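Engineer: any chance you can model this:
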Amino acid sequence: MSVRLHNTLTGQKEPFEPAEPDHARIYVCGPTVYDYAHLGHARCYVVYDVLVRHLRSNGLRVTYVRNITDVDDKILKRASETGTEPTALAAKFAEAYAQDMHRLGNLDPDVEPRVSTHLEDIFALVQRLIDREHAYVSDGDVYFSVESFPEYGKLSHRDLGQMKLGASDRLDDAQTARKRHPADFALWKKSDEGAWGWDSPWGQGRPGWHIECSAMSMKHLGDTLDLHGGGLDLVFPHHENEIAQSEAATGVPFSRCWMHNGFVEVDKEKMSKSLGNFFTARDLFDRVEPEAIRYFMMTVHYRAPLNLDWTLDDAGNVTGFPQFEEAERRVAYLYKTKLRVSDLPEQRVVESDAPVPKELAEFPAALRGALDDDLNMPVALAKLADFLKTANELCDQAMRKKGKAARTAIAAVDRGFEALGAELGIGTGDPSSVLLRIRDRRAKTRGLDGDWVESRIEARTNARQSKDFAEADRIRDELVAQGVELLDGPDGTGWTITD
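Structural biologist: Residues are numbered from 1 along each chain as shown. Reported below is the predicted structural model:
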């Protein structure tokens, strides 16, 4: 296998070499389910979905673990604000998250552990750290002692002596007073009297954020992972703390490779609720085809920032997202191409010794090569553009007078679409259904009623049948002026919305 990935730990692009040559064990930090999935989640989980697909396409067996954090201070805060029981709130948003991931085309992980079902594993790991003198109990809390782990800071390349007070946790003064060192982080947090929590060997409370992932990942993948992934914002403190507590407990490296995707930015600022530029995936599902969101996430290298532009009306309301709209046009082009190839008349497809165009024959290998090189999805999409252009040229050639298409070339197109679905998870839908959704959404955006368009097409058909060609042309021009393109064919007249 020739996959090379950038390892955050070393800062180098390195061969991805699992401990078992035919089995990759991957853990990706999942969401804290107190709200709907935002575009940062969408980007993160599309990236690792493509990674898993690509490794499997290379013949590896992959065990993909992506957790759900259903116990967290953010959940407790939101539950208190809404008067909802915390576990019920978490369950609601976990289900919504799963729905959103499916609409984005992401595969389910092989294991999706939840904090609430792994408390005994967390208790055991915390106690192990206490026994090894890497953690200490302080007034009902349990803290990891960063000074007990000399390599603390090796992932984020930070000096422990320069770390700010409270860098690893948002702590109040009382919590800070219970720590031996300002950078010590909580493994177990005691509950205030009467507050929500679980019984533990150290009293009632809840796990710290960092210990959850160590306990769940080691439970399902062993002491050393092949790859640990997540967003760039998790490098410090979350992943740094995971390394410290895991390696302090086991004495072996926690992960062979660390992979991090860049931020989603809006107008070159990190997307955040406080800046008012926060969008959930659901905000966009009614505006663009979900597959277009997936496509757009691949247009920039996963380690780089992904900047989102928007358009506003005079009142400051968001009226559009040009990059998603362009991605939707490209997705529509993909499906139109797939439909054209599948709809070629059988008599136009012949046996031939003519060489298959290299853009078709070599596309699966070109796709793999791009993804082998640190999951370079923008290059993969460039290869896709060449593939689709050549496939359309093949259809054009076949539909000319006395034109033909070689069966071997059509077979190469089919193999290319199979590789596209397997590697990038796009182009797997029913072309007619996807194109109809895109058309109807565009029509709605332009204020066009689909029933009205159909009625005008019917009137045009009747005029043509009555040989009133002047009226038929007038109706056609009326529709064209509204941005409607008519598609006359042997089975009737279809329509689409022009770009």
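Engineer: going forward, measure contacts between C-alpha atoms and count neighbours the same way
Structural biologist: Noted.
Engineer: which ones are touching the nearest residue to G425 once chain neighbours are set aside?
Structural biologist: By the measure of C-alpha to C-alpha, 6 or more residues apart in numbering, the closest residue to G425 outside its immediate chain neighbours is G105, 6.5 Å from it. Contact criterion C-alpha atoms under 8 Å, 6 or more residues apart in numbering gives 291, 294, 425-426 as the residues in contact with G105.
Engineer: looking at the residues you listed, which has the most residues close by?
Structural biologist: Counting neighbours by other C-alpha atoms under 10 Å, R294 comes out on top of these with 26 neighbours.
Engineer: you'd agree it is up against C44?
Structural biologist: No - in this structure R294 lies outside contact range of C44 using C-alpha atoms under 8 Å: 10.7 Å.
Engineer: longest single helix anywhere in this protein?
Structural biologist: Across the chain, the helix with the greatest residue count (assigned by DSSP state H) is helix 377-399.
Engineer: can I get that helix as PDB, trimmed to CA atoms?
Structural biologist: Provided in PDB are the C-alpha atoms of helix 377-399 (Å, rounded to 0.1, in the frame of the first residue of the first chain):
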ATOM      1  CA  MET A 377      -9.200  15.400  -2.800                       C
ATOM      2  CA  PRO A 378      -8.900  18.600  -5.000                       C
ATOM      3  CA  VAL A 379      -6.600  16.700  -7.300                       C
ATOM      4  CA  ALA A 380      -9.100  13.800  -7.300                       C
ATOM      5  CA  LEU A 381     -11.800  16.200  -8.400                       C
ATOM      6  CA  ALA A 382      -9.600  17.600 -11.200                       C
ATOM      7  CA  LYS A 383      -9.200  14.000 -12.500                       C
ATOM      8  CA  LEU A 384     -13.000  13.600 -12.200                       C
ATOM      9  CA  ALA A 385     -13.500  16.700 -14.400                       C
ATOM     10  CA  ASP A 386     -11.300  15.200 -17.100                       C
ATOM     11  CA  PHE A 387     -13.200  11.900 -16.800                       C
ATOM     12  CA  LEU A 388     -16.600  13.500 -17.100                       C
ATOM     13  CA  LYS A 389     -15.500  15.700 -20.100                       C
ATOM     14  CA  THR A 390     -14.200  12.700 -21.900                       C
ATOM     15  CA  ALA A 391     -17.300  10.600 -21.100                       C
ATOM     16  CA  ASN A 392     -19.500  13.400 -22.600                       C
ATOM     17  CA  GLU A 393     -17.300  13.500 -25.700                       C
ATOM     18  CA  LEU A 394     -17.900   9.800 -26.100                       C
ATOM     19  CA  CYS A 395     -21.600  10.300 -25.900                       C
ATOM     20  CA  ASP A 396     -21.400  13.200 -28.400                       C
ATOM     21  CA  GLN A 397     -19.500  11.000 -30.800                       C
ATOM     22  CA  ALA A 398     -22.000   8.100 -30.400                       C
ATOM     23  CA  MET A 399     -25.000  10.300 -31.100                       C
END
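Engineer: for it, packing partners?
Structural biologist: Under the contact criterion of 3 or more C-alpha pairs under 8 Å, 6 or more residues apart in numbering; DSSP states H and E, helix 377-399 touches helix 322-342, helix 358-361, helix 363-372, strand 405-406.
Engineer: try 10 Å
Structural biologist: In terms of contact count using 3 or more C-alpha pairs under 10 Å, 6 or more residues apart in numbering; DSSP states H and E, helix 377-399 is assigned the packing partners helix 290-297, helix 322-342, strand 349-350, helix 358-361, helix 363-372, strand 405-406, helix 407-424.
Engineer: now render these as CSV, adding mean pLDDT and distance to A124.
Structural biologist: Putting these into CSV (pLDDT from 0 to 100; distance: least, C-alpha to C-alpha, whole Å) gives the following:
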stretch, mean pLDDT, distance to A124
helix 290-297, 97, 39
helix 322-342, 96, 46
strand 349-350, 94, 65
helix 358-361, 98, 54
helix 363-372, 98, 39
strand 405-406, 94, 64
helix 407-424, 98, 39
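Engineer: any idea which of those is most buried?
Structural biologist: Relative to the other members of those, helix 290-297 carries the highest mean neighbour count by mean count of other C-alpha atoms under 10 Å, namely a mean of 24.
Engineer: so how far is that one from its chain's centroid?
Structural biologist: The chain centre lies 9 Å from the centre of helix 290-297; the measure is C-alpha atoms, centre = their mean, to the nearest Å.
Engineer: parallel or antiparallel, list what pairs with whichever helix or strand comes after it.
Structural biologist: Toward the C-terminus, helix 290-297 is succeeded by strand 306-308 as the next helix or strand (DSSP states H and E). According to DSSP bridges, strand 306-308 forms sheet pairs with strand 264-266 (parallel).
Engineer: what does the next helix or strand after the partner strand rub up against?
Structural biologist: Counting by DSSP H and E, the next helix or strand C-terminal to strand 264-266 is strand 269-270. With C-alpha atoms under 10 Å, 6 or more residues apart in numbering as the contact definition, strand 269-270 has outside contacts at 40, 263-264, 275, 277-278, 305-308.
Engineer: what element comes up after strand 269-270 heading to the C-terminus?
Structural biologist: Next helix or strand after strand 269-270 toward the C-terminus (DSSP H and E): helix 281-285.
Engineer: may I see the buried residues of that following helix?
Structural biologist: Going by neighbour count (16 or more other C-alpha atoms under 10 Å), the buried part of helix 281-285 is 281-282, 284-285.
Engineer: which strands or helices does that helix pack on?
Structural biologist: helix 39-57, helix 86-103, helix 290-297.
Engineer: using PDB, write out every CA atom in the longest one.
Structural biologist: The C-alpha atoms that make up helix 39-57 are tabulated as PDB, following Å, rounded to 0.1, in the frame of the first residue of the first chain:
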ATOM      1  CA  LEU A  39     -20.500  22.700   8.800                       C
ATOM      2  CA  GLY A  40     -17.300  22.100  10.700                       C
ATOM      3  CA  HIS A  41     -18.700  18.700  11.700                       C
ATOM      4  CA  ALA A  42     -19.700  18.100   8.000                       C
ATOM      5  CA  ARG A  43     -16.200  18.800   6.800                       C
ATOM      6  CA  CYS A  44     -14.500  16.700   9.500                       C
ATOM      7  CA  TYR A  45     -16.600  13.600   9.000                       C
ATOM      8  CA  VAL A  46     -16.600  13.800   5.200                       C
ATOM      9  CA  VAL A  47     -12.800  13.900   5.400                       C
ATOM     10  CA  TYR A  48     -12.500  10.700   7.500                       C
ATOM     11  CA  ASP A  49     -15.300   9.000   5.600                       C
ATOM     12  CA  VAL A  50     -13.200   9.400   2.400                       C
ATOM     13  CA  LEU A  51     -10.100   8.200   4.300                       C
ATOM     14  CA  VAL A  52     -11.900   5.000   5.400                       C
ATOM     15  CA  ARG A  53     -13.400   4.500   1.900                       C
ATOM     16  CA  HIS A  54     -10.000   4.900   0.300                       C
ATOM     17  CA  LEU A  55      -8.200   2.500   2.700                       C
ATOM     18  CA  ARG A  56     -10.900  -0.100   2.100                       C
ATOM     19  CA  SER A  57     -10.500   0.400  -1.700                       C
END
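Engineer: A186: which of the contacts of G105 is nearest?
Structural biologist: Within the contacts of G105, distances to A186 taken as C-alpha to C-alpha reach their minimum at R294, with 36.2 Å.
Engineer: what's the closest of the contacts of strand 269-270 to H181?
Structural biologist: For the contacts of strand 269-270, the minimum distance to H181 (C-alpha to C-alpha) is 30.6 Å, reached by F263.
Engineer: over to the residue lying closest to the closest one once chain neighbours are set aside: give its phi and psi.
Structural biologist: Closest residue in space to F263, ignoring its immediate chain neighbours: P305 at 5.0 Å, by C-alpha to C-alpha, 6+ apart. The main-chain torsion angles of P305 are listed as degrees, to the nearest 10 and equal phi -60, psi 150.
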